[in-house]
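1. only geometry, no sequence info:
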Ligand SMILES: Cc1cc2nc3c(=O)[nH]c(=O)nc-3n(C[C@H](O)[C@H](O)[C@H](O)COP(=O)(O)O)c2cc1C
């Protein structure tokens, strides 16, 4: 029999499960604490990306994915969750640039209550056929070759998206151009490129190889390239000159890409991966009274932080939905981060002023049987 209050063991299990959630550069920016029968989560400043994610969009979305993972695990144990968003979530600009989490300033609190029926519990996981903890554990992104299955995101009813969120499709040619433009942006900004190199672990001898960041295996990098690139990720003495040389070169390519117009053909070749954009409409989200407009503008994401958190929950559902169908996801935040790529994306999709692109990702069948698993701070090998 399930008891009224969740046991501390269950809460620990849920924290462990949620650690498998996706996060930008695998930073795992969450710091959960079990208090008063619930879980409070603070953000670890040293696990945010001040250069690459200055608005905290990706950090907040990953916290949303974390909440969804807890909801799925809790539902399986017969509990529904309640999320209380705390004021600190809207005050992230006052976070220090680095250092540990401040447990006195949690950004949200999750409490569990016994679900009246199994359907009540799964309503929180928001799927008629609820996702399972095994799905959360097994899901992973894949950055190698993908072969598309265009129907995967055509039927989203079972995922119960809120009315202010939609998934738009982007054609393959445009995606390739926009991603190149985005990558040129990353390489041309020294602070963004340095931050990315800091989170790369291309050599198993890297002290954090089994804990966090992105490994050579996860990035599906050819061995020869890994051998050349690995020393640059470990030694600042080598990294700084590389970034200095790459910057002007990338800026040159960025200039070329910015001036080129997007391909006029929007018909994909057979087998091309499909590409998707999670779009929030701030008007439909009710962000049109003066107070919430101001809050949304303050957040710099274009929607309020609680909305971005909710969008992160949906993003996790979308990625799990793909996983259940044997489809791998490859995210492309660079398309939103680069102002040039972002502008071209908005034009291609015909986005209105009130539309905010929150996530761009490709989907398809991975051309390998072994999609690499990324490390976590909670893995036994990381201890
Ligand atoms: C909000 C968000 C944005 C992300 N953006 C990118 C991206 O631009 N490029 C990329 O390769 N991976 C991106 N990722 C995926 C993470 O790098 C990945 O989740 C992390 O490395 C852990 O790996 P896993 O998802 O396979 O467990 C993103 C993840 C999240 C949650």
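-> That came through fine. This one's a predicted model, so the numbers in the text were calculated from it and none came from an experiment.
2. and this structure, which of its residues are near the ligand?
-> Remark: the part of the chain in contact with the ligand comprises 22-26, 58, 61-62, 65, 140-141, 143, 214, 331-334, 374, using C-beta under 6 Å from any ligand atom. Glycine gets a C-beta too; all of them are placed from N, C-alpha and C.
3. Tell me which of the residues you listed fall in strands.
-> 214, 331 (DSSP state E).
4. What are the boundaries of the helices in the chain?
-> Taking DSSP state H as the test, the helices found in the chain are 8-18, 57-76, 118-125, 133-138, 172-188, 190-198, 223-234, 236-259, 290-299, 305-324, 334-337, 339-349.
5. Which among the ones you listed is found nearest to residue 89?
-> helix 305-324 (4.7 Å; C-beta to C-beta).
6. relative orientation of the closest one and helix 57-76 in degrees?
-> Put simply, helix 305-324 runs at 60 degrees to helix 57-76, going by axes from the mean of the first three to the mean of the last three C-alpha atoms, to 10 degrees.
7. shift numbering so it begins at 657
-> Okay, using 657 as the starting number, the last item reads as helix 961-980.
8. ok, and the closest non-adjacent residue to residue 923?
-> residue 827 (7.3 Å; C-beta to C-beta, 6 or more residues apart in numbering).
9. correction: residue 695
-> residue 766 (4.7 Å).
10. Not counting stretch 805-812 itself, show me its contacts.
-> Applying C-beta atoms under 8 Å, 6 or more residues apart in numbering, the external contacts of stretch 805-812 come out as 823, 825, 924, 930, 932, 974, 977-978, 981, 983, 1019-1021.
11. Give me the distance between the two termini of that stretch.
-> Taking C-alpha to C-alpha, to the nearest Å, stretch 805-812 runs 15 Å from one end to the other.
12. Kindly report the same for stretch 1027-1039.
-> With C-alpha to C-alpha as the measure, stretch 1027-1039 spans 24 Å from end to end.
13. Centre of the chain to it, how far?
-> 18 Å (C-alpha atoms, centre = their mean, to the nearest Å).
14. quick one: residue 687 and residue 885, what's the gap?
-> Noted for residue 687: a distance of 31 Å to residue 885, by C-beta to C-beta, to the nearest Å.
15. Give me the below-cutoff pLDDT ranges for this structure.
-> 657-658, 773-785, 943-949, 952-953 (pLDDT under 70).
16. mind redoing it with 80?
-> The chain contains residues with pLDDT under 80 at 657-659, 772-785, 890-892, 909, 914-916, 942-955, 1039.
17. Could you spell out the sheet neighbours of the longest strand along it, each with its direction?
-> Assignment by DSSP E gives strand 1011-1022 as the longest strand of the chain. If you go by DSSP bridges, strand 1011-1022 pairs up with strand 802-803 (antiparallel), strand 930-937 (antiparallel), strand 984-987 (antiparallel).
18. Show me which positions of that strand end up buried.
-> Under the neighbour-count criterion of 16 or more other C-beta atoms under 10 Å, strand 1011-1022 has 1011, 1012, 1013, 1014, 1015, 1016, 1017, 1018, 1019, 1020, 1021, 1022 buried.
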